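> Structure for this input, please:
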Amino acid sequence: MTYYSTYTAFDGFQILPQLIETPDFVTFRIATLSGTGAQNKGIALFPRMIDGRYAVLSRQDNESIYLMLSDEVRFWPERHKIQVPSRPWELIQLGNCGSPVETEAGWLVITHGVGPLRRYSLGAILLHIEAPHRVIGHLNELLLVPGEDERDGYVPNVVYSCGSMIHGDHLVLPYGFADVGTRIALVSIDDLLNRLTER
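Next up is the predicted model:
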């Protein structure tokens, strides 16, 4: 078995999407992702292949969320825009917060949005389990906003996450605030999925 993870490298001048892989967590191989889709930040792998292909989410234009599929984990030649800003809290910028989480209802994606007064908040969408280019649910309210004691810091008025997981009946959502601290939020997974699938 091989474990893969993506991250964003920055040398003070240039941003590069990187892939790190390991079979044993002792030895590691690092490679820069290539292809027309391998650019900008936020490239996050799905935890399993879709129809025999690798899949990632990304934000190519600092504004929307894209799905990319590839036969080769290091090469991403195509991209498909799947979500554009549509809620007030995401009109300036929209992106994914780490890899999707597989649920019975679909792929749960925690999103970050930038709205008025440059406030970063977290929302959520749900993607079709076998056709993840289809958004089948969109949270109509914010999932997480900066609290009163989370607004001041190096980057004020921001909450941000790089990933989440399901444990028992809850979504465990680690997040950073104002670039000065971190916390963990727990969300009922049933309540969240019900909100995402209600019509």
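
> Domain-wise, how is the chain divided?
Listed by automatic domain parsing, the domain ranges of the chain are 1-83, 85-199.

> just the helices in this structure please.
Secondary structure of the chain (DSSP state H): helices located at 189-197.

> For residue 40, the count of nearby residues, please.
16 (other CB atoms under 10 Å). C-beta coordinates here come from the backbone N, C-alpha and C atoms, glycine included.

> Please report the distance of it from residue 60.
6 Å (CB to CB, to the nearest Å).

> can you check residue 131 too?
Distance from residue 131 to residue 60, by CB to CB: 20 Å.

> cool, and residue 75?
In this view, residue 75 and residue 60 are 16 Å apart by CB to CB.

> More neighbours: the two, which one.
The residue with more neighbours, out of residue 75 and residue 60, is residue 60; 19 against 14, by other CB under 10 Å.

> give me the beta-bridge partners of the closest residue to that one other than its chain neighbours?
Closest residue in space to residue 60, ignoring its immediate chain neighbours: residue 66 at 5.1 Å, by CB to CB, 6 or more residues apart in numbering. Counting by DSSP bridges, residue 66 is bridged to residue 58, residue 81.

> Tell me the pLDDT of residue 66.
Model confidence at residue 66, given as pLDDT, is 95.

> Please give the number of neighbouring residues around it.
24.

> So that it lines up with my notes, have the first residue be 13 from now on.
All set: I'll call the first residue 13, so the last point we hit is now residue 78.

> who touches stretch 58-78?
With CB atoms under 8 Å, 6 or more residues apart in numbering as the test, stretch 58-78 has contacts from 18, 29, 49, 51-57, 79-85, 88, 91-97, 105-108, 111-114, 119, 121, 123, 137, 142, 144.

> And these, which of them are buried?
For these, a burial check counting by 16 or more other CB atoms under 10 Å picks out 18, 29, 49, 51-57, 79-82, 85, 88, 91, 94-95, 97, 105-108, 111-113, 119, 121, 123, 137, 144.

> out of those residues, which are inside strands?
Secondary structure from DSSP state E places 18, 29, 56-57, 79-82, 94-95, 105-108, 113, 119, 121, 123, 137 of these in strands.

> thinking again about what came up before, roughly how far does the residue nearest to residue 72 sit from residue 53?
Taken as CB to CB, the span from residue 78 to residue 53 is 12 Å.

> Residue 207 now?
Counting by CB to CB, the gap from residue 207 to residue 53 is 27 Å.

> low-scoring pLDDT stretches of this structure, where are they?
211 (pLDDT under 70).

> May I have the beta-bridge partners of the closest residue to residue 154 other than its chain neighbours?
Excluding its sequence neighbours, the residue lying closest to residue 154 (CB to CB, 6+ apart) is residue 133, at 4.9 Å. Counting by DSSP bridges, residue 133 is bridged to residue 125.

> I'd say residue 133 and residue 157 touch.
Yes: using CB atoms under 8 Å, residue 133 is in contact with residue 157, at 4.7 Å.
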